[in-house]
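Asks: sequence and computational prediction follow.
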Amino acid sequence: MCVSYSLDNRKSRANAQNTVLLKFYDFSNFLLSHFHFVLNSYFSIICESVETLFYDFSNFLLSHFHFVLNSYFSIICESVETLAGFNVSYN
């Protein structure tokens, strides 16, 4: 009789532990999926913002340096043409 009682007691403890583990597993999966969604949302917003800022900044730099390089090249070309004896005026 004692043997069957201890076996039943072990089975009920094992079932209780399995139930607790399953509930914890389900809860942790819920939290992970929820935070995965939240983190993905935040990261996508941050990445889009950074991409937009980088794109705007790179366009600014490209347009600025395009202007600066055009100015330098026109000065260099005028200098070379003047040194070569060409008299070309840029208006």
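Replies: It's in. Numbers count the residues shown, from 1 in each chain.

Asks: flag the shaky bits of the protein, pLDDT-wise.
Replies: Applying pLDDT under 70 to the chain flags residues 1-18, 20-21, 39, 80-91.

Asks: how many residues are close by C77?
Replies: 13 (other CB atoms under 10 Å). Quick note: C-beta positions are derived from backbone N, CA and C, even for glycine.

Asks: host element of it?
Replies: Under the criterion of DSSP states H and E, C77 resides in helix 2-84.

Asks: extract the CA atoms of stretch 26-34 and return them as PDB.
Replies: This file holds the C-alpha atoms of stretch 26-34, laid out as PDB (Å, rounded to 0.1, in the frame of the first residue of the first chain):
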ATOM      1  CA  ASP A  26       4.000  29.100 -22.900                       C
ATOM      2  CA  PHE A  27       4.400  32.400 -21.000                       C
ATOM      3  CA  SER A  28       8.000  32.700 -22.000                       C
ATOM      4  CA  ASN A  29       7.000  32.100 -25.700                       C
ATOM      5  CA  PHE A  30       4.300  34.700 -25.400                       C
ATOM      6  CA  LEU A  31       6.800  37.200 -23.900                       C
ATOM      7  CA  LEU A  32       9.500  36.400 -26.500                       C
ATOM      8  CA  SER A  33       7.100  36.700 -29.400                       C
ATOM      9  CA  HIS A  34       5.600  40.000 -28.000                       C
END
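
Asks: measure F54 to F27 for me?
Replies: 39 Å (CB to CB, to the nearest Å).
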